[in-house]
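**Q** Below: sequence and its predicted model.
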Amino acid sequence: MKNTAGVTIDNIFYTLEDLEKDTWLRLLNGALKSKDAFHTASVATLRADEISLRTVVLRKVIQRDKQLRFHTDTRSNKWKELEQNNAISMLFYGPSARVQLRVSGVAILHYQDEITDLAWQNTSLSSRRIYLTSLPPSSYIDLPADGLEGLFENGNPTLLESEAGKQNFGVINVQVSNIDWLWLNHAGHRRAFFNYENQEYNWVAP
């Protein structure tokens, strides 16, 4: 039986199905708008028996396939960690809406394929710049620097110069298994769980 219970947020009534659609709309806005709260997310991976956490930029949302996408340096620890264990979690929070999303899934790594080719073509010169350093991310250095000081006129490489960074460029697709939705409200928090593995949506105690 369809669950018709719901929650009213900003004078709009949402059922579980409405909330699920709204969740993906928020994620899509995050990918498209650089100033949106959901434009960045904390990403957790497993490193041996430890949890590793960092912030990434949400680059693309494919709602139909329930996928989220971000870019990374293939020399980075997160890439290596996901090669060993592709379990991944993403945390989004919008302070104005007071909505938190905990996204769990598996990572699909793309390197030197059609997906990375298209993503690289659409990557700005200022973003390509970070893939040109000779030092892998997390390398210890003597002074605070990015390893590219003084290499390019006006700070950024030319389009031709930037192509050298493509060898270090990777795309991570997150195949979403579930989303834990939480609305923080002084009158009472509300929580829902969207499980895509069995297509079940449920209200959850906060």
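**A** Looks like it came in fine. Model, not experiment: these values are computed from the prediction.
**Q** Return the residues in contact with the residue nearest to residue 93 when sequence neighbours are not counted.
**A** In this structure, residue 93 finds its nearest non-sequential neighbour in residue 100, 4.9 Å apart by Cβ to Cβ, 6 or more residues apart in numbering. C-beta coordinates here come from the backbone N, C-alpha and C atoms, glycine included. Residues near residue 100 by Cβ atoms under 8 Å, 6 or more residues apart in numbering: 91, 92, 93, 94, 181, 182, 183, 184.
**Q** Partner strands of the host helix or strand of residue 100, with direction?
**A** Using DSSP states H and E, the element containing residue 100 is strand 99-110. In the sheet, strand 99-110 lines up against strand 87-94 (antiparallel), strand 169-183 (antiparallel) (DSSP bridges).
**Q** show me the contacts for the spatially most central residue of the chain.
**A** Centroid check for the chain by Cα atoms, centre = their mean gives residue 58 as the closest residue, at 4.2 Å. Contacts for residue 58 (Cβ under 8 Å, 6+ apart) come out as 27, 30, 31, 38, 39, 40, 41, 68, 69, 70.
**Q** again, only this time at 7 Å
**A** Neighbour list for residue 58: 30, 31, 38, 39, 40, 41, 68, 70 [criterion: Cβ atoms under 7 Å, 6 or more residues apart in numbering].
**Q** Out of those residues, list just those in strands.
**A** Counting by DSSP state E, those place 40, 41, 68, 70 in strands.
**Q** show me where the chain has helices.
**A** 16-32, 77-84, 114-121, 125-128, 159-162 (DSSP state H).
**Q** Show me which residues of the first one are buried.
**A** Residues of helix 16-32 classed as buried by neighbour count (16 or more other Cβ atoms under 10 Å): 16, 19, 20, 22, 23, 24, 26, 27, 28, 29, 30, 31.
**Q** what's in contact with it?
**A** 3, 14, 36, 38-39, 58-61, 63, 68, 92, 94, 99, 101, 179, 181, 192, 194, 201, 203.
**Q** what about stretch 162-172, average pLDDT?
**A** Mean per-residue pLDDT for stretch 162-172: 97.
**Q** buried ones in it?
**A** Quick answer for stretch 162-172 (16+ other Cβ under 10 Å): 162, 165, 166, 168, 169, 170, 171, 172.
**Q** likewise stretch 143-156?
**A** Buried, per 16+ other Cβ under 10 Å, within stretch 143-156: 148, 156.
**Q** measure that stretch end to end?
**A** End-to-end span of stretch 143-156 (Cα to Cα, to the nearest Å): 21 Å.
**Q** likewise stretch 116-131?
**A** End-to-end span of stretch 116-131 (Cα to Cα): 13 Å.
**Q** cool, and stretch 69-78?
**A** Its first and final residues considered, stretch 69-78 spans 14 Å by Cα to Cα.
**Q** related to what we said a few turns ago, most neighbours out of the ones in strands among the contacts of residue 58, which is it?
**A** residue 68 (27 neighbours; other Cβ atoms under 10 Å).
**Q** which residue packs closest to that residue, ignoring adjacent ones?
**A** Excluding the flanking residues, the one nearest residue 68 by Cβ to Cβ, 6+ apart is residue 174, at 4.4 Å.
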